[in-house]
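[1] I would like to see how this sequence folds:
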Amino acid sequence: MRNVIIIGSGPAGFTAAIYASRANLQPLLFEGDAYAKAPEPQAGGQLMITTEVENYPGFPDGVEGPDLMEKMRAQAKRFGTECLEEVVTKVDFSKRPFRVWVGETLHEAKAIIIATGARARYLGLPSELKFYNRGVSACATCDGFAFKGKEIVVVGGGDSAMEEGNYLTKFATKLTLVHRREEFRASKIMLDRLRQNPKVAWKLNKEVLEIFGDDRVRGVRLKDTKTGAVTDYKTDGVFLAIGHEPNTKVFQGQVALDEKGYVKLEKHTHTSVEGVFASGDVSDSRYRQAVTAAGTGCAAAIDCERWLEEHP
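    Below is the predicted model of the structure:
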């Protein structure tokens, strides 16, 4: 029987573990699969597939994503967190103690913190994984600065594509938006904002067949969705803006999820189930930043500690 089980690692999970272990809750943390590759959920979260992180406070010269996660992991373990590189396959939050399975192995806890994060949607091309962090990105806020003075492509047609595109024009000399149709899911105000930007070009009714290059991205191969014609288009980078997917499959039917599959928070970090808390990108479709994930990880641990005091 554990006081608290933390499901998921990354900035949210490890920060929750640091605070929970310092509160003498002796948490057990399930990190996930250490060998998963993008776009699959990975132990340590999305920062494990991010090279240089320049916007996390305290690192004026930047820090490699995996290095930052290893420091957080070491800090959590220093205070007594038990970390297991295992994937939770089933949960039962219908009553206390809460039950968590890894395969056939059962673990029980008085409280749960969900920190399984979210992952960017991908096109499903082998080449996008080949060039990940070498010209392919799914986070404009994280990687936009690295494309200062470059020409880049943004793939997508929703609000996230418009928002990412507008942000990236701060750095790029030219931005080309590639979309499968002429119609957009994006709101009119977001679409008009990008249309009025002189740096933006449009490739509509186009589908990305391939991303090609040498040591880095050099271009994309596009197929016209109306004529079938295939052309190559030169670019220095490809940003995927076709949405994110929260890693909540194992929690379906256990806690309330919103229409996009994110964990719904009732108050602060409390979920619909008393004693189950959530932090990080698994319950945040808006910010999706390492620093905000860490902040909510801290909040979840504090909420959990106080709840356990009231519900021994």
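[2] Break down the stretch 201-312 of the chain into its strands, ranges please.
    Remark: strands assigned in the stretch 201-312 of the chain by DSSP state E, counting those that start in this stretch are 206-213, 217-224, 230-234, 237-240, 244-246, 276-278.
[3] now for these, which one comes closest to Asp61?
    Asp61 sits nearest to strand 237-240 of all the strands of the stretch 201-312 of the chain, at 22.8 Å, using C-beta to C-beta. Yep, even glycine has a C-beta here, placed from its N, CA and C like the rest.
[4] Could you list the residues in contact with the closest one?
    Contact with strand 237-240 is made by 120-123, 128, 131, 135-138, 140, 143, 147, 150-156, 164, 168, 208, 211, 217, 220, as judged by C-beta atoms under 8 Å, 6 or more residues apart in numbering.
[5] In PyMOL, select just the buried ones from those.
    Provided next is the PyMOL selection string for whichever of those are buried by 16 or more other C-beta atoms under 10 Å:
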select buried, resi 120+121+122+123+128+131+135+136+137+138+140+143+147+150+151+152+153+154+155+156+164+168+208+211+217+220
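[6] Can you pick out the ones from the contacts of strand 237-240 that are in strands?
    Secondary structure assignment by DSSP state E places 120, 136-137, 151-155, 208, 211, 217, 220 of these in strands.
[7] Serialize those to a markdown table and add fields for distance to Val88.
    A markdown table is the format used below for the ones in strands among the contacts of strand 237-240 (distance: C-beta to C-beta, whole Å):
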| residue | distance to Val88 |
| --- | --- |
| Ala120 | 21 |
| Val136 | 29 |
| Ser137 | 28 |
| Glu151 | 43 |
| Ile152 | 37 |
| Val153 | 37 |
| Val154 | 34 |
| Val155 | 32 |
| Val208 | 34 |
| Ile211 | 33 |
| Val217 | 35 |
| Val220 | 37 |
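[8] Can you pick out the most distant pair from those?
    So, the ones in strands among the contacts of strand 237-240 by C-beta to C-beta: farthest apart are Ala120 and Glu151, at 21.6 Å.
[9] just to revisit the earlier point, so for the ones in strands among the contacts of strand 237-240, which is the shakiest by pLDDT?
    Ranked by pLDDT, those bottom out at Ala120 (83).
[10] so where's the chain shaky on pLDDT?
    Along the chain, the parts satisfying pLDDT under 70 run over 37-39, 49-51.
[11] Can you show me the helices along it?
    Counting by DSSP state H, the chain has helices at residues 10-22, 65-78, 126-130, 140-143, 159-168, 188-195, 290-310.
[12] Just name the most buried of those.
    Among those, the stretch with the highest mean neighbour count (mean count of other C-beta atoms under 10 Å) is helix 10-22, at a mean of 29.
[13] Give me the contacts around that one.
    Identification of contacts with helix 10-22 by C-beta under 8 Å, 6+ apart yields 3-4, 6-7, 27, 29, 31, 44-47, 69, 72-73, 75-76, 79-81, 83, 113, 115, 117, 279-282, 290-291, 293-298, 300-302, 304-305.
[14] Dump the C-alpha coordinates for it into CSV.
    This file holds the C-alpha atoms of helix 10-22, laid out as CSV (Å, rounded to 0.1, in the frame of the first residue of the first chain):
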residue,chain,number,x,y,z
GLY,A,10,8.3,14.5,-17.4
PRO,A,11,8.4,17.9,-15.7
ALA,A,12,4.9,17.4,-14.1
GLY,A,13,5.5,13.9,-12.8
PHE,A,14,9.0,14.5,-11.5
THR,A,15,8.1,17.8,-9.8
ALA,A,16,5.1,16.2,-8.2
ALA,A,17,7.5,13.4,-7.0
ILE,A,18,10.0,15.9,-5.5
TYR,A,19,7.3,17.7,-3.5
ALA,A,20,5.5,14.5,-2.5
SER,A,21,8.7,12.8,-1.3
ARG,A,22,9.8,15.9,0.6
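[15] Please renumber the chain so that the first residue is 49 from this point on.
    Sure, I'll start numbering at 49, so the last one becomes helix 58-70.
[16] Could you measure from the spatially closest residue to Met49 that is not a sequence neighbour over to Arg144?
    In space, and not counting its chain neighbours, Met49 is closest to Glu156: 5.3 Å by C-beta to C-beta, 6 or more residues apart in numbering. Remark: distance between Glu156 and Arg144 (C-beta to C-beta, to the nearest Å) = 9 Å.
[17] the more surrounded of these two?
    Higher neighbour count among Glu156 and Arg144: Arg144, with 16 against 13, using other C-beta atoms under 10 Å.
[18] Next, the contact list for the more buried one, please.
    Counting by C-beta under 8 Å, 6+ apart, Arg144 has contacts 158, 323.
[19] Now do it against Thr129, distance only.
    22 Å.
[20] wait, isn't Leu252 in contact with Glu230?
    Yes - using C-beta atoms under 8 Å, Leu252 is in contact with Glu230, at 5.0 Å.
[21] Those two: which has the busier surroundings?
    Leu252 (16 against 11).
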